[in-house]
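Novice: Test case, fold it:
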Amino acid sequence: MSVGLALSAASLAGNIFGNIMSAKQNREIDDILAGRMNDLQARFDKDYNTQFFDTDQAKSVIQTLSNQHERSNKRIENAGAISGASAEAKVAQRAKSQEVFGDSLTKLAGYGTQYKDMKERQFNRRDDTLQNFYLQHEMRKADNWSNFMNNASNVGQGGIAADAVGGGNGQGSIFNLWGKEGFGKGII
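Specialist: Just a heads-up that it's a prediction; the model follows:
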């Protein structure tokens with residue numbers, strides 16, 4: 001076997017091993033990306049399909065508005081008892097308080113659309129980031145494949161060139177360069 005052929009085979013084996021390991025890592029990255037994309041989609045579906053009034057934020061605001069409404073009604077009762085306000089005046093003040101409470105809930109309902117829009121924008125940003133990472137990963141895999149093919153071609157050309165020069169048993173043999181007549185003269 002010629003030295004050129006042996007070196008070419010060793011180089012090819014190293015290339016193949018490197019690409020097998022690279023492919024294993026690529027599959028792991030593919031799995032991680034697929035998992036992240038699935039997690040992101042599941043979270044978006046849950047968040048987007050949740051009614052805004054069922055979110056913790058809305059529940060907290062509704063609770064605060066309800067507490068304020070109750071305190072307002074108690075103040076109306078207490079102030080009416082102290083001042084001797086008529087029943088009609090108390091009813092009018094409660095109606096006004098109820099109107100403010102209703103308006104606040106209506107405004108809160110309007111935030112539901114903004115909430116869904118915000119969730120959609122967040123999803124799109126995160127999805128774009130993952131998609132860009134996925135595309136970069138795919139381009140790296142394509143580059144790896146191209147490098148593998150170029151290396152395989154270079155190995156083949158190197159083997160052909162080594163055999164053309166003598167490849168182990170002619171004048172151009174590496175053994176002749178290091179043997180008794182070459183650089184190894186006096187050593188061997």
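Novice: which one's the longest helix in this structure?
Specialist: helix 87-165 (DSSP state H).
Novice: What helices and strands are in contact with it?
Specialist: Under the contact criterion of 3 or more CB pairs under 8 Å, 6 or more residues apart in numbering; DSSP states H and E, the helices and strands touching helix 87-165 comprise helix 3-49, helix 56-83. All C-beta spots, glycine's among them, are computed from the backbone N, C-alpha and C.
Novice: can you redo those helices as a markdown table with mean neighbour count?
Specialist: Formatted as a markdown table, the helices and strands packed on helix 87-165 follow (neighbours: other CB atoms under 10 Å):
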| stretch | mean neighbour count |
| --- | --- |
| helix 3-49 | 14 |
| helix 56-83 | 13 |
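Novice: among the ones you listed, which is nearest residue 132?
Specialist: helix 3-49 (11.1 Å; CB to CB).
Novice: can you redo the helices and strands packed on helix 87-165 as a markdown table with distance to residue 144 and mean pLDDT?
Specialist: Shown next, in a markdown table, are the helices and strands packed on helix 87-165 (distance: least, CB to CB, whole Å; pLDDT from 0 to 100):
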| stretch | distance to residue 144 | mean pLDDT |
| --- | --- | --- |
| helix 3-49 | 5 | 84 |
| helix 56-83 | 46 | 85 |
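Novice: Point to the residue nearest the middle of this structure.
Specialist: For the chain, residue 130 is the residue whose C-alpha lies nearest the centre (CA atoms, centre = their mean; 3.7 Å).
Novice: excluding its backbone neighbours, what's nearest residue 37?
Specialist: Closest residue in space to residue 37, ignoring its immediate chain neighbours: residue 130 at 5.7 Å, by CB to CB, 6 or more residues apart in numbering.
Novice: From residue 36, how far out is the one you found?
Specialist: 6 Å (CB to CB, to the nearest Å).
Novice: what does residue 137 give?
Specialist: 12 Å.
Novice: Same question for residue 113.
Specialist: 28 Å.
Novice: same question, residue 105
Specialist: Taken as CB to CB, the span from residue 105 to residue 36 is 38 Å.
Novice: How about residue 134?
Specialist: In terms of CB to CB, residue 134 sits 9 Å off from residue 36.
Novice: Ok, residue 89 next?
Specialist: Counting by CB to CB, the gap from residue 89 to residue 36 is 62 Å.
Novice: before we move on, what about residue 63?
Specialist: 35 Å.
Novice: cool, residue 46 as well?
Specialist: Applying CB to CB, the value for residue 46 to residue 36 is 16 Å.
Novice: okay, now residue 118: neighbour count?
Specialist: Look at residue 118: counted by other CB atoms under 10 Å, it has 12 neighbours.
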